[in-house]
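>>> coords please:
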Amino acid sequence: MKNLHFPLHFRFRISTIANDFVAKDASERTIAYVRQKLFKLKEAIDIYNNEEKTELLYTIKADKWLDFNTAYAFKDAQGNELGKIVRKGWRSLWKAEYELIDQHGELQYHIREKNPWVKVMDGFVGEIPIVNFFSGYMFNPAYVLTDLAQKPYAILQKNASFFGRKFTLQKLEEIDADDEARIALGFMMMILLERRRG
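Purely as a prediction, here's the structure:
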């Protein structure tokens with residue numbers, strides 16, 4: 001994933017039992033097909049260049065089986081580590097918070113949920129029969145990527161949709177070309193985790 005043209009659009013597939021989605025750029029060009037492997041004790045994600053899985057581009061693997069501070073390492077097809085995303089333990093129970101680490105093991109960015117009450121209301125309304133079908137249109141959480149000085153660089157927004165399956169990643173500031181793939185991979189892993197939480 002190089003020379004990405006933002007905004008990026010993530011659309012989950014509802015016709016498969018796998019947790020998977022397609023990522024497209026601003027020109028509707030498919031840049032990735034993201035598929036979570038089923039029945040793995042540790043999270044394992046494969047990222048291909050298209051839905052036909054012609055070429056494996058990246059893998060994402062958890063370093064632990066079950067823990068609140070699990071790190072998910074990004075590797076390219078040759079096995080070179082590009083960085084990782086770390087979920088921030090107990091803090092993430094109320095308000096989603098992640099750290100994006102670069103290829104040298106240095107903290108580079110934070111990803112934080114903009115308003116945790118949106119997810120609370122989504123979960124509450126989701127329990128009401130019939131009304132729960134429309135919660136995907138009413139409550140749409142957002143996640144902001146900031147640098148260490150709290151300057152925002154990108155935002156991932158859940159879009160209004162019937163099954164809550166569409167997300168848009170927008171740049172707020174220019175991002176180094178070297179960081180674009182790491183940021184996209186971080187948000188891809190994060191949204192798999194957050195969508196499962198509700």
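>>> what ranges do the helices span in the protein?
91-94, 116-125, 135-138, 177-197 (DSSP state H).
>>> can you count the residues close to residue 46?
When neighbours are counted by other C-beta atoms under 10 Å, residue 46 registers 17. (Glycine included, C-beta is placed from N, CA and C.)
>>> hmm, it is touching residue 20, no?
No. Using C-beta atoms under 8 Å, residue 46 is not in contact with residue 20, being 9.4 Å away.
>>> I figured residue 76 hits residue 60, correct?
No. With contact defined as C-beta under 8 Å, residue 76 and residue 60 do not form a contacting pair (11.1 Å).
>>> compare the two (neighbour count), which wins?
residue 60 (23 against 15).
>>> does the more buried one touch residue 191 like I think?
No. Look at residue 60 against residue 191 with C-beta under 8 Å: they stay out of range, at 11.9 Å.
>>> just list whatever residues bridge to the residue nearest to residue 13 when sequence neighbours are not counted.
Of all residues not flanking residue 13 in the chain, residue 20 sits nearest, at 5.5 Å (C-beta to C-beta, 6 or more residues apart in numbering). Counting by DSSP bridges, residue 20 forms beta bridges with residue 35.
>>> quick check: residue 20 vs residue 101, distance?
25 Å (C-beta to C-beta, to the nearest Å).
>>> who has more neighbours, those two?
residue 101 (23 against 18).
>>> bridged to the closest residue to the more buried one other than its chain neighbours, which residues?
Nearest residue to residue 101, sequence neighbours excluded (C-beta to C-beta, 6+ apart): residue 84, at 4.8 Å. Beta-bridge partners of residue 84, counted by DSSP bridges, are residue 73, residue 101.
>>> my guess is residue 84 meets residue 71, correct?
Yes. If you go by C-beta under 8 Å, residue 84 and residue 71 touch, sitting 4.8 Å apart.
>>> okay, and the common contacts of the two?
Taking C-beta atoms under 8 Å, 6 or more residues apart in numbering as the criterion, residue 84 and residue 71 both touch residue 101.
>>> higher neighbour count, the two?
Neighbours of residue 84 and residue 71, each counted by other C-beta under 10 Å, are more numerous for residue 84; the result is 25 against 15.
>>> low-confidence ranges, this protein, go.
Within the chain, the ranges that satisfy pLDDT under 70 run 15-18, 39-42, 64-68, 89-94, 116-139, 161-164, 196-198.
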